[in-house]
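Participant: Got a predicted structure plus its sequence, pasted below:
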Amino acid sequence: MFVWKSIKSLFKSIDRWGLYLLAGWLIFNWAPVAWKNFRMESQSVSAQKNGLESFSMRPLVLVFWATWCTPCSVELRRIQRLIDSGSLSKGSVLAITQESDHQKVNREAKERGYSFKILFDSDGTLHERFKVESTPTLVVLGESNEILWLTSGLSPTLEIRLKHFLDRQE
């Protein structure tokens, strides 16, 4: 009986430790690959080449969005609240869309109360440069146009991240 209990407890601890070891192995082996594929901090953006030269404020928050995208309107509302509260300057936000109906986009922006600039990327140059595959995609550019942060979809840490990058730049 004692031997059976010992063997049973040994297997339980092996199962638990096996799970820890598997998780450690996955993190150790896959994290560098994921980091390499998604790390963009070292990349710089040529502002003139991409039409961002007139937006000298840094950090610059680029939001790739569409009027039909519900998560986009959620993220843009959150950004607008930061602007309204004074935590973020409206000059440091640039909403970029590929939509061709400029009147519709401007009407939607006005109805939603957006005070930040909207840039039309009709040829997709900026979308291609930042490898935007979905909306919303947010990119934060630093002082020397380095990408400080890039995320797609709803970001639960949006406000915290933006405040962090704003504090770093001051």
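Facilitator: Yes, it's here.

Participant: May I see the buried residues of the helix or strand residue 167 falls within?
Facilitator: In the assignment (DSSP states H and E), residue 167 maps to helix 158-169. Within helix 158-169, the residues scored as buried using 16 or more other CB atoms under 10 Å are 158, 159, 161, 162, 165, 166. In this view, the C-beta of every residue, glycine as well, is placed from N, C-alpha and C.

Participant: got a list of what residue 118 touches?
Facilitator: 94, 95, 96, 97, 105, 106, 109 (CB atoms under 8 Å, 6 or more residues apart in numbering).

Participant: From those, pick the one nearest residue 74.
Facilitator: Closest approach between the contacts of residue 118 and residue 74, by CB to CB: residue 95, at 13.5 Å.

Participant: show me the residues around that closest one that make contact.
Facilitator: By CB under 8 Å, 6+ apart, residue 95 lies in contact with 63, 65, 76, 109, 114, 116, 117, 118, 119.

Participant: Give me the local confidence score for residue 167.
Facilitator: We have a pLDDT of 73 for residue 167.

Participant: What's the separation between it and residue 160?
Facilitator: Distance, residue 167 to residue 160, using CB to CB, to the nearest Å: 11 Å.

Participant: Shouldn't residue 63 be within a strand?
Facilitator: Yes - under DSSP: H, G, I helix; E, B strand; the rest coil, residue 63 sits within a strand.

Participant: what's around it, how many residues?
Facilitator: Around residue 63 there are 22 other residues, counting by other CB atoms under 10 Å.

Participant: Excluding chain neighbours, what is closest to it?
Facilitator: Using CB to CB, 6 or more residues apart in numbering and skipping the chain neighbours, the partner closest in space to residue 63 is residue 95 (4.8 Å).

Participant: List just the nearest of the buried residues of helix 158-169 to residue 127.
Facilitator: residue 158 (20.2 Å).

Participant: mind checking which helix or strand residue 75 is in?
Facilitator: Using DSSP H and E, residue 75 falls within helix 70-85.

Participant: circling back: which pair of the buried residues of helix 158-169 spans the longest distance?
Facilitator: The span of the buried residues of helix 158-169, defined through CB to CB, is set by 158 and 166 at 12.4 Å.

Participant: okay but residue 80 is in contact with residue 113, surely?
Facilitator: Yes - assessed by CB atoms under 8 Å, residue 80 is found in contact with residue 113 at 6.4 Å.
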